Structures are given as C-alpha cells and as structure tokens.
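In: Turn this into a model:
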Amino acid sequence: MMFREMRRKNQKLDMAECIAVLQRGTSGVLALAGDNGYPYAVPISYVYHDDKLLFHCAKEGHKLDAIARSNKVSFCVIDRDEIAPKEYTTHYKSVIVFGEIRILEDEAEKRTAIEILGRKYAPENTEEELQAEIERFYASLCMLELKIEHVSGKQAKELVGK
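Out: Numbering: from 1, shown residues only. Next comes the predicted model:
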C-alpha cells in the first residue's frame, strides 16, 4: 500500500527523529474506525518497542469494537507544542504512525507486553513491585500491538535545522 507523501518535505523528520519522538512520548491519540462511520480517536498511553507500539485497555469497549470492525489504525504523538504568539504560529513536532493493530491473545506475548509497558511508566519500581501490580489487574487486562507500516514526522518550519 502506498501512503501519501508529505507536502512540505523540508519540514519532514527523518526516521531516527521519528523513532526518538515515539520513544520519548508517553501518550498519543489512537484513531480507529468508530461507530456509524464516525472516526474514533482516543488518547492512550503506549510504549514503542521493537518497531511496534504496545497499548493496554479493558477487555471490552469502544476500542475493541472498532478493532473488530477494522484493524487499520493511525496513532499520533505530539512531541512539541509551543505557542509563539508574536509570530502567530506554533512551534510543533509530531509523528503519525499507520499500521495494523491486534489483540495479544498468547499469554506469553501479553505478559511480556505489559511488563515492557510497566517498566516504561514505573522505572523506579522493583521487579517484585512491577509483578505485584501486574497481578492486581492482569485478569481484566487486554494488550494491543500496533505493527507499524508507515511513519511520518513533521516539525514547524521555524525548527528546521535547529
């Protein structure tokens, strides 16, 4: 499948910077095919790992209904968003990922994914603390994996070359 080329190529982030944005980020907006033909875009925490994105959610709800409808999604992370009022602009940097999302059904995959996510958000916790927290919620937990097919990053023209 072909994805659109960025119109303002001089503002395009290279792949290394796109990955850095994904690694730095703590949340983004997951866009799915929602109910009645409406897009469904939901803020969600994530972790970038092995060229994939991992998410957690409940075992039922709008996200999972949308994924059952179509596994094609996009995910946007805003890395920088600074209003420059005297310039009537915003100094921004963001990345959009396109790909296919799936529910991790295999218990070993699911367990590994939640451990990776937990380590990102609670790096100061001991392994025992992490495992105890995972056990508290594991039965009600669903893990999602987005296999990245295309990445596009862009920054404000004022940031190019800085």
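In: same question for stretch 5-12, mean pLDDT?
Out: Averaging pLDDT along stretch 5-12 yields 75.
In: try stretch 65-85
Out: 94.
In: can I assume N10 sits in a strand?
Out: No. N10 sits outside any strand when classified using DSSP: H, G, I helix; E, B strand; the rest coil, being helix.
In: where does this structure dip in pLDDT?
Out: 1, 4 (pLDDT under 70).
In: any chance you could map the strands in it?
Out: Using DSSP state E, the strands found in the chain span residues 27-33, 39-45, 47-49, 52-58, 72-84, 89-103, 141-155.
In: can I get those in a markdown table with mean neighbour count and distance to A122?
Out: Any C-beta I mention is one placed from the backbone N, CA and C, and that applies to glycine too. Compiled in a markdown table, these are given as follows (neighbours: other Cβ atoms under 10 Å; distance: least, Cβ to Cβ, whole Å):
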| stretch | mean neighbour count | distance to A122 |
| --- | --- | --- |
| strand 27-33 | 19 | 15 |
| strand 39-45 | 14 | 12 |
| strand 47-49 | 20 | 12 |
| strand 52-58 | 19 | 13 |
| strand 72-84 | 16 | 20 |
| strand 89-103 | 18 | 24 |
| strand 141-155 | 18 | 15 |
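In: My read is that V47 contacts L117, right?
Out: Yes. Look at V47 against L117 with Cβ atoms under 8 Å: they come within range, at 4.9 Å.
In: Now the common contact residues for these two.
Out: L54 (Cβ atoms under 8 Å, 6 or more residues apart in numbering).
In: Tell me the helices and strands packed up against the biggest helix by length in the chain.
Out: Across the chain, the longest stretch assigned as helix under DSSP state H is helix 107-121. If contacts are counted by 3 or more Cβ pairs under 8 Å, 6 or more residues apart in numbering; DSSP states H and E, helix 107-121 sits against strand 47-49, strand 52-58, helix 127-137, strand 141-155.
In: thinking again about what came up before, let's have the strands of the chain in JSON lines, adding distance to E128.
Out: Output for the strands of the chain, formatted as JSON lines (distance: least, Cβ to Cβ, whole Å):
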{"stretch": "strand 27-33", "distance to E128": "27"}
{"stretch": "strand 39-45", "distance to E128": "23"}
{"stretch": "strand 47-49", "distance to E128": "21"}
{"stretch": "strand 52-58", "distance to E128": "20"}
{"stretch": "strand 72-84", "distance to E128": "31"}
{"stretch": "strand 89-103", "distance to E128": "28"}
{"stretch": "strand 141-155", "distance to E128": "19"}
